[in-house]
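>>> okay, sequence plus prediction incoming.
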Amino acid sequence: GENVEQHPSTLSVQEGDSAVIKCTYSDSASNYFPWYKQELGKRPQLIIDIRSNVGEKKDQRIAVTLNKTAKHFSLHITETQPEDSAVYFCAASLYNQGGKLIFGQGTELSVKP
Amino acid sequence: NAGVTQTPKFQVLKTGQSMTLQCAQDMNHNSMYWYRQDPGMGLRLIYYSASEGTTDKGEVPNGYNVSRLNKREFSLRLESAAPSQTSVYFCASSARSGGGYYTGELFFGEGSRLTVL
């Protein structure tokens, strides 16, 4: 089955710097790659996603890139702010498996003012 | 709309006791899921239900059973709780668009914190 590896497990940046979180997946048939943000004590929430027919997607300060050949995808956050501090999870799935989503281990991002 | 509601929010069990976590969604979603979250392990899929009447094992199904009671409700049962099942459990749901395509977004409940002594 699908396996998703996520790095780093913790990341500390200064406010205004960029942050990059990387994930690799094992099943070359996976075609949907979302990213979720979980603030302390809260539920995970979708922040951005990408499908396999697209190489890059942007939404204001966040962007996701996908390299299907290498089976890895990354989350980029620019001009980080303290409110970006949270745990971020990547995930992968096949669209026709009932939305069965396999998550990475998570990255705890800390943005220092 | 309440979204995804799961109960109870907190529970303490003794080893060997049984319990059921309840989950209901009011968004008319087809697919529902149970995940567990442990420090450093991310969110691990226990069971999922792609549609009413179907259930499938996820990554860590051992020690759990599920019931898709109807389109709205998906329960998770621990028949004989073990300390290794101490975790935060999340129920989630997602919609399907026409043609069977998965829309992408999982909507999570607030979580249930379970401690097994």
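Happy to help now that I have it. Numbering: from 1, shown residues only, chains lettered A, B, ... in the order given.

>>> beyond the helix or strand bottoming out on mean pLDDT in chain A, next helix or strand please.
Among the helices and strands of chain A, strand A:101-103 carries the lowest confidence by mean pLDDT, DSSP states H and E, at a mean of 90. Later in the chain than strand A:101-103, the nearest helix or strand by DSSP states H and E is strand A:107-112.

>>> next, see if that following strand gets close to chain B.
No. Using CB under 8 Å from any CB of the partner chain, strand A:107-112 stays clear of chain B, coming no nearer than 9.7 Å. Using the backbone N, CA and C atoms, a C-beta is placed for each residue, glycine as well.

>>> residues in contact with that strand?
Outside of strand A:107-112, the residues within contact range by CB atoms under 8 Å, 6 or more residues apart in numbering or on different chains are A:6-15, A:19, A:21, A:77, A:80-89.

>>> what strands flank it, and is each parallel or antiparallel?
Using DSSP bridges, the strands paired with strand A:107-112 are strand A:10-14 (parallel), strand A:86-93 (antiparallel).

>>> mean confidence for that strand?
Average pLDDT, strand A:107-112: 97.

>>> so how far is stretch B:74-87 from its chain's centroid?
11 Å (CA atoms, centre = their mean, to the nearest Å).

>>> and the pLDDT for the residue of chain B found nearest chain A?
In chain B, the residue that lies nearest chain A is B:Ala50 (2.5 Å; CB to the nearest CB). pLDDT for B:Ala50: 84.

>>> write out the residues of chain A neighbouring chain B.
Residues of chain A lying near chain B (CB under 8 Å from any CB): A:1, A:6, A:9, A:32, A:34, A:36, A:43-46, A:49, A:89, A:91, A:93, A:95-106.

>>> quick one on the thing from earlier: pick the most buried one from the strands paired with strand A:107-112.
strand A:86-93 (a mean of 24; mean count of other CB atoms under 10 Å in any protein chain shown).

>>> so how far is that one from its chain's centroid?
5 Å.

>>> now that strand: average pLDDT?
The model assigns strand A:86-93 a mean pLDDT of 94.

>>> residues contacting it, please?
By CB under 8 Å, 6+ apart, strand A:86-93 touches A:2, A:4, A:6, A:21, A:23, A:25, A:27, A:30-40, A:44, A:47, A:73, A:75, A:99-104, A:106-109, B:42-43, B:102.

>>> next one: stretch B:84-95
With CB under 8 Å, 6+ apart, stretch B:84-95 has contacts from A:43-44, A:99, B:4, B:6, B:21, B:23, B:25, B:27-38, B:43, B:46, B:63, B:74, B:76, B:78, B:102-109, B:111-116.

>>> mind listing what's buried in it?
Neighbour-count burial for stretch B:84-95, counted by 16 or more other CB atoms under 10 Å in any protein chain shown, picks out B:85-87, B:89-95.

>>> so which of the residues you listed comes closest to A:Pro113?
Nearest to A:Pro113 among the buried residues of stretch B:84-95 is B:Phe90, at 30.4 Å by CB to CB.

>>> coming back round to it: was I right about the residue of chain B closest to chain A contacting B:Asn30?
Yes. Taking CB atoms under 8 Å as the definition, B:Ala50 is a contact partner of B:Asn30 at 7.0 Å.
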